[in-house]
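Enquirer: Coordinates for the following, if possible.
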Amino acid sequence: MTSLDKKGPEAGLQGPAAGQAAGEEHDSRAVTQAALFDAFGGVRGTLETMLPGLLFVGIFTFTKDLKMSAIAASAVAVLLVVVRLARKDTVKHAFSGVFGVGVGVAFAMFTGNAKDFYLPGMIYGAGLGVAFTLSALVGFPLLGVVLGPIFRENLSWRTRNPGRKAAYTKASLAWGLIFLAKYAIIFPLYWWGDTAQLGWVLIALKLPPMVLAVYFTWVFLAKAPPPIDVFAEMEAEERAEEERKAAGQAAARHRRV
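Expert: Residues are numbered from 1 along each chain as shown. Presented below is the predicted three-dimensional model:
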């Protein structure tokens, strides 16, 4: 028998196995992509968070009227929530936009400084950068806490799935460093630039860092082991318990007969 003959059966087995592995990898990537879109709102959610700020800086650039700019930004933020409610869509991202705009408007109107419209969001973003970075460094990656329920794994990755914990750690570190780099650019503009400059730079830096962070997350998680579906495990345990109870009741009835 030649070496080629020896490889024949193995090659025949490897073909379907390789195809199955490729299919599972494709499914894993698709599930990961869908989960990330759900968690971060996708393109629509991101655009909805950008629109009030864009309207604020656009109106203020031309009118220098803080009150008019604040009213317009608030109105469009509320309108986005109303549209989602009318369409019976999820409103969590739109509501977060309303909250962010409301706090920004309150800061700006209180201080009379239009740049303070952006200050709460800047503090929040920089805080997230610190939180993501520290969580990765201490071994409790924040992204795993956020995405665990979406993947139906909760916190099982911490003790039962080290490959996913490593992926969450790398992804959280990526988010942290990207956020910190973004606000290292923005805070000097808050201190030394004018409102229009700050606003337009914030708009320009809204989407690219987010896309980059989500891309790194997708890459790391798509290569990680699949999540452990703890919800399915709990449901299976409940079914098994019900079956044991039913079997015990049937045995008791049989003994009485």
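
Enquirer: which residues of the stretch 101-250 of the chain fall in helices?
Expert: Defined through DSSP state H, counting those that start in this stretch, the helices belonging to the stretch 101-250 of the chain, from first to last, are 119-137, 142-147, 162-192, 195-204, 207-222, 230-256.

Enquirer: Which elements pack onto the last one?
Expert: It stands for helix 230-256. Using 3 or more CB pairs under 8 Å, 6 or more residues apart in numbering; DSSP states H and E, no helix or strand is in contact with helix 230-256. Where you see a C-beta, it was placed from the backbone N, CA and C, and this is true even at glycine.

Enquirer: which residue packs closest to residue 181, ignoring adjacent ones?
Expert: Nearest residue to residue 181, sequence neighbours excluded (CB to CB, 6 or more residues apart in numbering): residue 209, at 7.7 Å.

Enquirer: Out of the helices of the stretch 101-250 of the chain, which is the most enclosed?
Expert: When the helices of the stretch 101-250 of the chain are scored by mean count of other CB atoms under 10 Å, the highest mean neighbour count falls to helix 142-147 (a mean of 21).

Enquirer: For residue 198, see how far away residue 100 is.
Expert: Computed as CB to CB, to the nearest Å, the residue 100 to residue 198 distance reads 16 Å.

Enquirer: Repeat that for residue 192.
Expert: 10 Å.

Enquirer: now residue 72
Expert: Counting by CB to CB, the gap from residue 72 to residue 198 is 18 Å.

Enquirer: still on that earlier bit, pipe the helices of the stretch 101-250 of the chain into JSON lines and attach mean pLDDT and distance to residue 60 per row.
Expert: As requested, the helices of the stretch 101-250 of the chain are exported to JSON lines (pLDDT from 0 to 100; distance: least, CB to CB, whole Å):
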{"stretch": "helix 119-137", "mean pLDDT": "96", "distance to residue 60": "15"}
{"stretch": "helix 142-147", "mean pLDDT": "93", "distance to residue 60": "33"}
{"stretch": "helix 162-192", "mean pLDDT": "96", "distance to residue 60": "15"}
{"stretch": "helix 195-204", "mean pLDDT": "91", "distance to residue 60": "6"}
{"stretch": "helix 207-222", "mean pLDDT": "90", "distance to residue 60": "21"}
{"stretch": "helix 230-256", "mean pLDDT": "78", "distance to residue 60": "48"}
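
Enquirer: between those, which gets nearest to residue 55?
Expert: Comparing those against residue 55 with CB to CB, the closest turns out to be helix 195-204 (10.3 Å).

Enquirer: And the contacts of that closest one?
Expert: The contact list for helix 195-204 (CB atoms under 8 Å, 6 or more residues apart in numbering) reads 50, 53-54, 56-57, 60-61, 114-115, 117-118, 121-122, 185-186, 189-190, 193.

Enquirer: and the gap between residue 149 and residue 170?
Expert: Spatial separation of residue 149 from residue 170 under the definition CB to CB is 20 Å.

Enquirer: ok, the closest residue in space to residue 144 that isn't next to it in sequence - contacts?
Expert: Taking CB to CB, 6+ apart, and ignoring the residues beside it in sequence, residue 144 has residue 168 as its nearest neighbour in space, at 3.6 Å. Residue 168 is in contact with 141, 143, 144, 147, 157, 220, 221, counting by CB under 8 Å, 6+ apart.

Enquirer: Taking the residues you listed together, which two end up most distant?
Expert: Looking at the contacts of residue 168 by CB to CB, the two members farthest from one another are 157 and 220, with 12.3 Å of separation.

Enquirer: picking that back up, any chance of the helices of the stretch 101-250 of the chain in TSV, plus distance to residue 81?
Expert: Formatted as TSV, the entries for the helices of the stretch 101-250 of the chain read as follows, by distance: least, CB to CB, whole Å:
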stretch	distance to residue 81
helix 119-137	18
helix 142-147	22
helix 162-192	26
helix 195-204	21
helix 207-222	21
helix 230-256	30
